[in-house]
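Participant: fold the stuff below for me.
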Amino acid sequence: MGHSATWFSPFRTRVKSSPVAAQQVRVERDAAGVAVLTVDAPPLNLYTAELQDLLDAAVGDLEDRPARALLIRFEGKVVSGGVDVRLFAAQETRARAKALFDQMLDLPDRVAALPFPTVFAAHGLCLTWAFEVAVACDILLASERASFGLVEKVIGLTPTMGGTQRLAARAGVGRAKEFVMTGDRYDAATLERWNVVNRVLPHDGFDDAALEFATSLAAGPTMAHAATKQVLAYYERGGVAEANEHVTSIAADLFETEDLRHGVASFLADGPGKATFTGR
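Facilitator: Numbers count the residues shown, from 1 in each chain. Predicted structure coming up:
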């Protein structure tokens, strides 16, 4: 179900844990403003009610104390083997199942709404809920050894955390139907070709490369990045016309930020690419 290489974590000595850190989920922040959310629930990082509560708290911490960028990563040989099926077995009525699914859907929706760049790092097998969180992130990085699947069909279910529709937004409705209805596993190269995975990176050094990528986003004009996310959210709701209704106001708001004023002054004085940004 995954690769055999040891998953090396450089984060424990490089960042400081936040108050919501726990054994299975921790949020750590470094001096560059990158928040690293790590899931470490061996052996398969299965989605359980307990993990759900920890993830809710972790995202709440990010909402309360915004970072300059977020990297979501996982410990172990796999990203996740999926949802612990016992969670579904405990839902005895349609009403209880609906309440569970509403709570599950809330997680990727909240991740997608975070007002700063979000990066998901997939180093191995990434099934069901983890994939649905991955496609809710702005950028999906994958090791060349990663593979992905929405396999809910094996228990007679359809994905409930937005993965189907977010996959369709990236790859098209036809690809989404194939992905969900077959329940097959797809490698990183295939999903890069489908425009689902943004970049496939070498497995060796993947962890460091993912952190480096997130750090590069954190060093940028994060207020402008948040504006870009706003514009694209309007596009997703109503296409180009809807985005056009809002883009000029969103862009104009940036003229009240220190980053834009400094960026313009730096460009005029020193040329392009010399400005440093603070996120204010």
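Participant: so where's this structure uncertain?
Facilitator: Applying pLDDT under 70 to the chain picks out residues 1-22.
Participant: show me how it divides into domains.
Facilitator: Domains of the chain are assigned by automatic domain parsing as 11-218, 222-270.
Participant: any idea which residue sits dead centre in the chain?
Facilitator: The centre of the chain sits closest to Cys137, judged by Cα atoms, centre = their mean, with a distance of 3.0 Å.
Participant: quick one: contacts for that residue?
Facilitator: Counting by Cβ atoms under 8 Å, 6 or more residues apart in numbering, Cys137 touches 70, 72, 111-112, 118-120. Any C-beta I mention is one placed from the backbone N, CA and C, and that applies to glycine too.
Participant: switch the residues you listed over to CSV; also include secondary structure, neighbour count and distance to Leu46.
Facilitator: Shown next, in CSV, are the contacts of Cys137 (DSSP: H, G, I helix; E, B strand; the rest coil; neighbours: other Cβ atoms under 10 Å; distance: Cβ to Cβ, whole Å):
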residue, secondary structure, neighbour count, distance to Leu46
Leu70, strand, 26, 22
Ile72, strand, 26, 16
Val111, helix, 23, 19
Ala112, helix, 18, 23
Thr118, strand, 27, 22
Val119, strand, 26, 23
Phe120, strand, 28, 18
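Participant: can you map out the strands along the chain?
Facilitator: Counting by DSSP state E, the chain has strands at residues 16-17, 25-29, 34-39, 69-74, 118-122, 125-127, 139-143, 147-149, 186-187, 199-201.
Participant: which residues touch the third one?
Facilitator: Translated: strand 34-39. 9, 11, 15, 18, 24-30, 45, 51, 55, 58, 62, 67-75, 80, 211, 214-215, 218.
Participant: any idea how far the closest residue to Arg280 other than its chain neighbours is from Pro221?
Facilitator: Nearest non-adjacent residue to Arg280, counting by Cβ to Cβ, 6 or more residues apart in numbering: Glu258, 4.5 Å away. Going from Glu258 to Pro221 by Cβ to Cβ, to the nearest Å gives 10 Å.
Participant: rewinding a little: may I see the strands of the chain arranged in a markdown table, with distance to Leu268 as well?
Facilitator: A markdown table is the format used below for these (distance: least, Cβ to Cβ, whole Å):
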| stretch | distance to Leu268 |
| --- | --- |
| strand 16-17 | 38 |
| strand 25-29 | 34 |
| strand 34-39 | 30 |
| strand 69-74 | 27 |
| strand 118-122 | 32 |
| strand 125-127 | 45 |
| strand 139-143 | 31 |
| strand 147-149 | 46 |
| strand 186-187 | 47 |
| strand 199-201 | 33 |
